[in-house]
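Asks: Just a sequence and a predicted model for now, questions to come.
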Amino acid sequence: MYGRISLRLLAAIFMIALQGAHAQTYPQKAVRIVVPNAAGGPSDLVGRLLAQKLAELWAQGVIVENRVGAGGNIGVDSVAKAAPDGYTLLVTNSAPIVVNHSLYAKIPYDPIKDLAPISLLASSPMVLTVPTDSPAGSVADLIRIAKAQPGKLTFASLGNGTAPHLAGEMFKAQAGVDLLHVPYRSVPQVHAALMVSEVSIFFDVMSIMAHARAGRVKALAVTGKTRTALAPQIATLAELGLPDYEIIAWYGLLAPAGISPEIRARLHADTVKVLALPDVKAKLNGIGFEAIGDTPEQFAAHIQTESSRWAGVIRTAGIRMN
């Protein structure tokens, strides 16, 4: 009996030691980061910046693979079903993690059970913008005009369930206005439409401030609970009469569930180290984002909160995907 117990104890100690040694030598080969969005978009830019810096830190290859389709579900599912050895990771925006399970009748993965959060990487409030010749010079003006002309003002998006769509639906609900949703294929198309007043409203990430500073659009408010250091002169919608309004675009690093605690801790520590680099912060600021770098536990709690919130917005707006 004692011999069996001793052998089991020795085996357990051996496995713990092996996992610790593996974490110390990780990574021993190229790491693949899956981005479930097209090249050149915000998720891709954040993912490639992280990959470059991790590769320098590890002296090991870090490859970015864009796997697009089904609103991000295809790429995320490929990571959820990958070996949990730390060599397949995910950098994604919020939609496939906290929106799609409410938006689609069925998705092939469980974002809570099948993925292990590592860290929030970056975030950005959105900006409520209107054409330069819009009669709305403020949020109060915009709400007044929208209420006087129900269904006449339009808001642009990149399709059902995208962040600009959900931002617009939340604005409709909280401001008590009727707006017409108009989806476009790409951000450049929306910008072109906004600049010629083809569309009335667009909620975009902070990078649109380059157009606002050049006088090509008007920025009326940001969507965070507090003002952003990237444009501190612009008030929040919460300040301007919609106290419960908040939407933050965010990007995070996740791994397949089942990854060892040691590898997860190594990934977290190195990711936070990268996000603290001055040039990384500067590059993220340059595309309208702020570096985050929270703990896996904080990220997991954020995912739970966001999932519940967006389920309510989607249910109220009646948005569904086939």
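Replies: Noted; the coordinates are in hand. Numbers count the residues shown, from 1 in each chain.

Asks: going forward, measure contacts between C-alpha atoms and count neighbours the same way
Replies: Fine.

Asks: what's in contact with stretch 89-100?
Replies: 31-37, 43-44, 46-47, 71-73, 76, 79, 107, 111, 161-163, 249-256, 303-304, 306-307, 310-311 (Cα atoms under 8 Å, 6 or more residues apart in numbering).

Asks: And the buried ones among those, selectable in ChimeraX?
Replies: This is the ChimeraX syntax for the buried subset of these, where burial follows 16 or more other Cα atoms under 10 Å:
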select :31,32,33,34,35,36,37,43,44,46,47,71,72,73,76,79,107,111,161,162,163,249,250,251,252,253,254,255,256,303,306,307,310,311
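
Asks: Among the contacts of stretch 89-100, which lie within helices?
Replies: Using DSSP state H, the members of the contacts of stretch 89-100 that fall within helices are 43-44, 46-47, 73, 76, 79, 163, 303-304, 306-307, 310-311.

Asks: What ranges does this protein have for its strands?
Replies: Secondary structure of the chain (DSSP state E): strands at 31-35, 62-66, 88-93, 115-131, 154-157, 180-183, 201-205, 217-222, 248-256, 290-291.

Asks: partner strands of the fourth one, parallel or antiparallel?
Replies: Applying DSSP bridges, strand 115-131 is found paired with strand 201-205 (antiparallel), strand 217-222 (antiparallel), strand 248-256 (antiparallel), strand 290-291 (antiparallel).

Asks: picking that back up, export the strands of the chain as CSV, with columns for mean pLDDT.
Replies: Listed next are the strands of the chain as CSV, based on pLDDT from 0 to 100:
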stretch, mean pLDDT
strand 31-35, 98
strand 62-66, 97
strand 88-93, 97
strand 115-131, 97
strand 154-157, 96
strand 180-183, 95
strand 201-205, 95
strand 217-222, 98
strand 248-256, 96
strand 290-291, 94
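
Asks: Out of those strands, which gets nearest to Gly241?
Replies: When the strands of the chain are compared by Cα to Cα, strand 217-222 sits nearest Gly241, at 11.1 Å.

Asks: mind checking how far the closest one is from the chain centre?
Replies: Chain-centre distance of strand 217-222: 21 Å, with Cα atoms, centre = their mean, to the nearest Å.

Asks: what does that strand rub up against?
Replies: Against strand 217-222 from outside (Cα under 8 Å, 6+ apart): 125-132, 137-139, 194-195, 209, 211-212, 228, 234-237.

Asks: can you put the strands paired with strand 115-131 in TSV and add distance to Leu275?
Replies: Output for these, formatted as TSV (distance: least, Cα to Cα, whole Å):
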stretch	distance to Leu275
strand 201-205	20
strand 217-222	24
strand 248-256	12
strand 290-291	6
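
Asks: From Ile247, how far out is Ile208?
Replies: 16 Å (Cα to Cα, to the nearest Å).

Asks: Gln304 too?
Replies: From Gln304 to Ile247 the distance is 15 Å (Cα to Cα).

Asks: And for Leu121?
Replies: 16 Å.

Asks: Give me the more crowded residue out of those two.
Replies: Leu121 (27 against 21; other Cα atoms under 10 Å).

Asks: Just to check, the more buried one is in contact with His268?
Replies: No - the criterion here is Cα atoms under 8 Å, and Leu121 misses it with His268 at 10.4 Å.

Asks: Just the buried ones out of the contacts of strand 217-222, please.
Replies: Using 16+ other Cα under 10 Å, the buried ones in those are 125-132, 139, 194-195, 209, 212, 228, 235-237.

Asks: Report the buried residues of stretch 211-220.
Replies: Using 16+ other Cα under 10 Å as the test for burial, stretch 211-220 gives 212, 216-220.

Asks: do the same with stretch 292-300
Replies: Judged by neighbour count (16+ other Cα under 10 Å), stretch 292-300 contains these buried residues: 292-296, 299-300.
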